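# can't give you the sequence, but here's the structure:
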């Protein structure tokens, strides 16, 4: 079932212990869309500048991602650059040029409004809310946020996630949002804020999913080499929501199959792990659904007892 | 099948954010024995001083743990004291008085020598080796070590673990022993040193088991409150080897059932988690096998997909 993806489409410059790339396609919206597209139809809402390359449009178009909502305006595309530490566990932002993204005010094309699934990448909470309000009868909505919005836009953020089915953040964001150090307590607090489902990403240590009556934990995939972790969290989101959309899931209480949820976490983990294998979106140029399903089975092999 | 446990039997003083105890039964040998006893017959080899309390002897005896190898000599029992950080992830040793443990030279009672299972707590590698040599036709042997032996007694340690089936250490020790940062590469290097099985403990993040042809990963149990983590790693070892002994497992290639191994890791995790629920060995005063099996099933519930 069709999924609307809202988020940045950007250019990144990244340096890791394995090399550097000065300009490559990136952005949460790009990663989420590419990852989710292995599972479901995807329609993107984003903004780019005049410098956005035709080959990058073509990559997305070649996946039959609906680009009617990809606005192109005068100016430059959002640009981010960062450098990773030797062990890849830390990264330092060197430059953030919002460019045309500074005036992003997402407007949903008419044809998007009745799509049943909506995922909101990490942008201003008020914009996330306005997108939600443009949808008619959305079945399942959720998304990401970050420390900046948690700290300085708390009220807006709370008003936004109150209407979400799922929130997908990392462990330090969960602690910051809840004010609780223990992840179980943090989860309880956040579930009281509105979402019926909380997914906590823990990087190399895997991920956890919490609902009021159950939780699920998966360890991280042991990659041979982490080449570039940029976008891994967004690819997790894409795999997670993509699989739920493929299955036609509803997360409202009583309407959800517990195993659909845990498998969505596994597919999220799978997509995040593939993302790290090459720079930027490169792994998705060749990745197949068969490879994805094979890694899903690998997860089963190394966790089953 | 009977298990010989060699390790310290000691007194600890511990301070955690939940309180402090100035003197309580502890030591790797104690924790391993108490945890393993839920699964199999246990015989202890250790040394204590004249101050070792009758009530502590009685606790072990009440579990029908064979104490013929518990030597009592003039002097004081090994004493350790430490304090945990607010988040429990670090601890600082305040005092280590080896006392009678300084001259520990384990001699196995005749009746122990033909037991099929042997687990060696963290002591001098040469002593670990001498115990191994006193056994006749042991089926399965393994144990623990620590940074001190890895750094300053490397040759002795390598000669010792060469004859072990399993080595059970934490992630930083695995990195130090192998010289590799990536845990998969670290595991390969360590499996080349002799053991056919490597278990890496990762604290709150769970545990991993590596063999040449497979690996298994389990996330940590989400405890409501970590009261006192002292001994959790040793209880993991006790649950792990205890279950293997209960099942009569052999770890030599071709003789092992993969699921026995992964379930042993789960039982190790279960015992480690219970250990943290009270100060010192207190949780084991009331813990039942039914509670252990219930938590084993909980692990299945929150990891299955």
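That came in fine, so what should we check first? This one's a predicted model, so the numbers in the text were calculated from it and none came from an experiment.
# from here on, just use CA atoms for contacts and neighbour counts.
OK.
# mean confidence for the helix or strand harbouring residue A:159?
Residue A:159 is located in helix A:154-161, with elements delineated by DSSP states H and E. Averaged across helix A:154-161, pLDDT comes to 98.
# for stretch A:243-261, same thing?
Rounded mean pLDDT across stretch A:243-261 is 92.
# other residues contacting it?
A:1-3, A:36, A:39-40, A:117, A:139-140, A:165, A:196-197, A:264, A:267, B:305 (CA atoms under 8 Å, 6 or more residues apart in numbering or on different chains).
# tell me the two of these that are most distant?
Spatially, the most separated pair among the contacts of stretch A:243-261 is A:2 and B:305, at 24.6 Å (CA to CA).
# residue A:230 reaches residue A:274, doesn't it?
No - with contacts counted by CA atoms under 8 Å, residue A:230 stays clear of residue A:274, the gap being 11.3 Å.
# any idea how far residue A:279 is from the closest residue in space to residue A:38 that isn't next to it in sequence?
Excluding its sequence neighbours, the residue lying closest to residue A:38 (CA to CA, 6 or more residues apart in numbering or on different chains) is residue A:289, at 6.3 Å. Applying CA to CA, to the nearest Å, the value for residue A:289 to residue A:279 is 20 Å.
# more neighbours: those two, which one.
residue A:279 (23 against 10; other CA atoms under 10 Å in any protein chain shown).
# can I take it that residue A:216 is in a strand?
Yes - counting by DSSP: H, G, I helix; E, B strand; the rest coil, residue A:216 falls inside a strand.
# C-terminal to whichever strand or helix holds residue A:198, which secondary structure element comes first?
Take DSSP H and E as the rule and residue A:198 turns out to sit in strand A:197-201. Moving toward the C-terminus from strand A:197-201, the next helix or strand (DSSP H and E) is strand A:207-211.
# hmm, that following strand in reach of chain B?
No - using CA under 8 Å from any CA of the partner chain, strand A:207-211 never reaches chain B; the gap is at least 9.3 Å.
# cool, stretch A:166-180 as well?
No - Stretch A:166-180 does not reach chain B (CA under 8 Å from any CA); its nearest approach is 11.7 Å.
# let me see the mean pLDDT of that stretch.
97.
# got the buried residues for that stretch?
A:166-175, A:177-178, A:180 (16 or more other CA atoms under 10 Å in any protein chain shown).
# columns secondary structure on top of these, output as JSON lines?
Compiled in JSON lines, these are given as follows (three-state DSSP):
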{"residue": "A:166", "secondary structure": "strand"}
{"residue": "A:167", "secondary structure": "strand"}
{"residue": "A:168", "secondary structure": "strand"}
{"residue": "A:169", "secondary structure": "strand"}
{"residue": "A:170", "secondary structure": "strand"}
{"residue": "A:171", "secondary structure": "helix"}
{"residue": "A:172", "secondary structure": "helix"}
{"residue": "A:173", "secondary structure": "helix"}
{"residue": "A:174", "secondary structure": "helix"}
{"residue": "A:175", "secondary structure": "helix"}
{"residue": "A:177", "secondary structure": "helix"}
{"residue": "A:178", "secondary structure": "helix"}
{"residue": "A:180", "secondary structure": "coil"}
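# nearest to chain B, of those residues?
For the buried residues of stretch A:166-180, the minimum distance to chain B (CA to the nearest CA) is 11.7 Å, reached by residue A:180.
# skip the chain neighbours and tell me the closest residue to that closest one.
residue A:186 (4.9 Å).
# which helices and strands does the strand holding residue A:198 pack with?
In terms of contacts (3 or more CA pairs under 8 Å, 6 or more residues apart in numbering or on different chains; DSSP states H and E), strand A:197-201 is packed against strand A:166-170, helix A:171-178, helix A:183-191, strand A:207-211.
# those residues of chain A touching chain B, which are they?
A:184, A:205, A:214-219, A:222, A:224, A:259, A:262-263, A:300-305.
# from residue A:165, how far out is the residue nearest to residue A:180?
Using CA to CA, residue A:186 is found at 17 Å from residue A:165.
# cool, and residue A:289?
In terms of CA to CA, residue A:289 sits 27 Å off from residue A:165.
# over to residue A:52?
33 Å.
# before we move on, what about residue A:22?
Residue A:22 is 37 Å from residue A:165, by CA to CA.
# neighbour count: these two, which is higher?
residue A:165 (20 against 10).
# give me the mean pLDDT for stretch A:88-104.
93.
# ok, now stretch A:290-305?
Mean predicted confidence for stretch A:290-305 is 98.
# buried sites along it?
A:292, A:295, A:296, A:299, A:300, A:302, A:303, A:304, A:305.
# which of the residues you listed sits closest to chain B?
Using CA to the nearest CA, the buried residues of stretch A:290-305 come closest to chain B at residue A:302, 4.4 Å.
# give me the nearest residue to the closest one, chain neighbours excluded.
residue B:216 (4.4 Å).
# give me the number of residues near that neighbour?
Neighbour count of residue B:216, defined by other CA under 10 Å: 24.
# where does pLDDT dip in the stretch 1-150 of chain A?
Along the stretch 1-150 of chain A, the model assigns pLDDT under 70 to no residue.
# just the helices from it, written as ranges.
Along the stretch 1-150 of chain A, counting by DSSP state H, counting those that start in this stretch, helices occupy A:28-36, A:54-62, A:125-134, A:147-152.
# remind me which helix or strand residue A:302 belongs to.
Using DSSP H and E, residue A:302 sits in helix A:289-303.
# elements contacting that helix?
Using 3+ CA pairs under 8 Å, 6+ apart, helix A:289-303 is in contact with helix A:258-275, strand B:214-218.
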